[in-house]
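Engineer: Following is a predicted model, sequence given first.
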Amino acid sequence: MDPTLLPVLLLIAVALTFDFINGFHDAANSIATVVSTRVLTPGQAVVWAAVFNFLAAFGFGTAVAQTIGRGMIDISIVTSAVIFGGLAGAILWDLITWWAALPTSSSHALVGGYAGAAVAKAGWGSLIAAGWTKTLIFIVLAPVIGMAVALLLSTVTLWMFRGFSPARVDSWFRRLQLLSAAMYSLGHGTNDAQKTMGIIAGVLFTGGYLQAFAIPFWVIIAAHAAIALGTLSGGWRIVHTMGQRITKLQPFGGFAAESSGAATLFLASSFGIPVSTTHTITGAIVGVGAIRRPSAVRWGVAGRIVWAWVLTIPASAAIAALTYRLVALLFGAV
């Protein structure tokens, strides 16, 4: 067997492990609203979300994967140790925040980890400014867009259904929320699974198994399968925070939040921007709560979530840098 093949296979396995963890860590993004409104049971919701996470593999492009793979880090300095350090930083931070029931961003944990390992190896010059500029801008814009679209959609929908009885409105939106949950899960799979695709393509390219940077079809299928299986495994600690603790949701609110989040994710994915699905849906949920009255939003919980967002990139980067240094010390990797 080619001696260079084993490290490549191990790194692909670690990348798919991150993708699986991303699925159960971010399962709340796809299912919290539909579970909290009791449109679906938790078991039904995870199956619904996982199916559409996987179906996103077909027909939604690989623009985000290209950005992650070669648009944020100078690929000429990327080695197996850099990729392993980046994945380790992302995985460990995801597990820490999952245990704390904080809906932080797996996406930002991944880009932070990847950057931390790259900087530990080659300094700040290894970062590509253009890729980081749009990503950092959308750290702020994604939740704001989600919130603004949710406010607008909620206002328009309330006006359209103003003559309906509450029972009839509830009946309509219980059906519509199945569609909005499906669309959000498609958007979630489209943006999040592509991040792992970009990492795996980087592994294959730096290992000499790709002549030019591209995303093979088997990588697309593997990444979507891993995130779908992760979603199937749940993530119930964060579901509670997302679905109940920020604001109380009804089917109408769940529909507005999911539709707004889906629109934001598809917009970002079309431009190849790796955004946080967690930030996006949280902003949309806040927007839905605020349409009733500002006090309907539990701002203390939202503030705690924001602090976790702020810490994600530096924390995962620090873990990744330490991991890279340890690997380099033990194995002589550069």
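Structural biologist: Structure received.
Engineer: helix or strand for the residue nearest to T312 when sequence neighbours are not counted, which one?
Structural biologist: Distance criterion C-beta to C-beta, 6 or more residues apart in numbering; nearest residue to T312, sequence neighbours excluded, is H108 at 4.6 Å. For the C-beta atoms, the positions are set from N, CA and C on the backbone; glycine is no exception. Secondary structure assignment for H108, by DSSP states H and E: helix 106-122.
Engineer: Report all helices and strands that that helix contacts.
Structural biologist: Applying 3 or more C-beta pairs under 8 Å, 6 or more residues apart in numbering; DSSP states H and E, we find helix 106-122 packed against helix 5-25, helix 63-70, helix 80-99, helix 129-160, helix 166-206, helix 277-292, helix 299-331.
Engineer: circling back to that earlier point, can you tell me the number of residues neighbouring the residue nearest to T312?
Structural biologist: A count of nearby residues for H108, using other C-beta atoms under 10 Å, gives 27.
Engineer: What's the separation between it and I137?
Structural biologist: 13 Å (C-beta to C-beta, to the nearest Å).
Engineer: Neighbours of the nearest residue to D170 once chain neighbours are set aside, how many?
Structural biologist: The shortest distance from D170 to any non-neighbouring residue, by C-beta to C-beta, 6+ apart, is to P251 (5.7 Å). When neighbours are defined as other C-beta under 10 Å, P251 has 24 of them.
Engineer: wait, P251 sits on V35?
Structural biologist: No - if you go by C-beta atoms under 8 Å, P251 and V35 don't touch, sitting 11.8 Å apart.
Engineer: Can you get me a residue count around L127?
Structural biologist: There are 16 residues near L127, going by other C-beta under 10 Å.
Engineer: pLDDT score for the residue lying closest to it once chain neighbours are set aside?
Structural biologist: Of all residues not flanking L127 in the chain, A115 sits nearest, at 6.1 Å (C-beta to C-beta, 6+ apart). Looking at A115, its pLDDT stands at 94.
Engineer: A115 touches I77, doesn't it?
Structural biologist: No - the criterion here is C-beta under 8 Å, and A115 misses it with I77 at 11.8 Å.
Engineer: Contacts only, for the nearest residue to G113 once chain neighbours are set aside.
Structural biologist: Leaving out its chain neighbours, the residue that sits closest to G113 by C-beta to C-beta, 6+ apart is G89, at 3.0 Å. Taking C-beta atoms under 8 Å, 6 or more residues apart in numbering, we find G89 in contact with 109, 112-114, 116-117, 316-321, 323.
Engineer: From those residues, list the buried ones, please.
Structural biologist: 109, 112-114, 116-117, 316-321, 323 (16 or more other C-beta atoms under 10 Å).
Engineer: Where does pLDDT dip in this structure?
Structural biologist: Residue ranges of the chain with pLDDT under 70: 1-3, 27-30, 102-103, 234-248, 292-306, 308, 333-334.
Engineer: thinking again about what came up before, what's the most buried one of the helices and strands packed on helix 106-122?
Structural biologist: helix 277-292 (a mean of 28; mean count of other C-beta atoms under 10 Å).
Engineer: returning to what we had before: any idea how far the residue nearest to D170 lies from V64?
Structural biologist: For P251, the distance to V64 - C-beta to C-beta - is 31 Å.
Engineer: and if you look at F20?
Structural biologist: The gap separating F20 from V64 is 18 Å, by C-beta to C-beta.
Engineer: Y209 now?
Structural biologist: According to C-beta to C-beta, Y209 and V64 sit 21 Å apart.
Engineer: ok so, going back, and the residue nearest to T312, what does it touch?
Structural biologist: H108 neighbours (C-beta under 8 Å, 6+ apart): 139, 276, 309, 312-313, 316.
Engineer: which of these lies closest to A193?
Structural biologist: S276 (14.3 Å; C-beta to C-beta).
Engineer: For F52, list the residues it contacts.
Structural biologist: Shown in contact with F52 (C-beta under 8 Å, 6+ apart): 30, 182-183, 185-186, 189.
Engineer: list the buried ones in the strand or helix carrying A263?
Structural biologist: Element membership for A263 (DSSP H and E) is helix 251-270. Of all the residues in helix 251-270, those buried under the rule 16+ other C-beta under 10 Å are 251-269.
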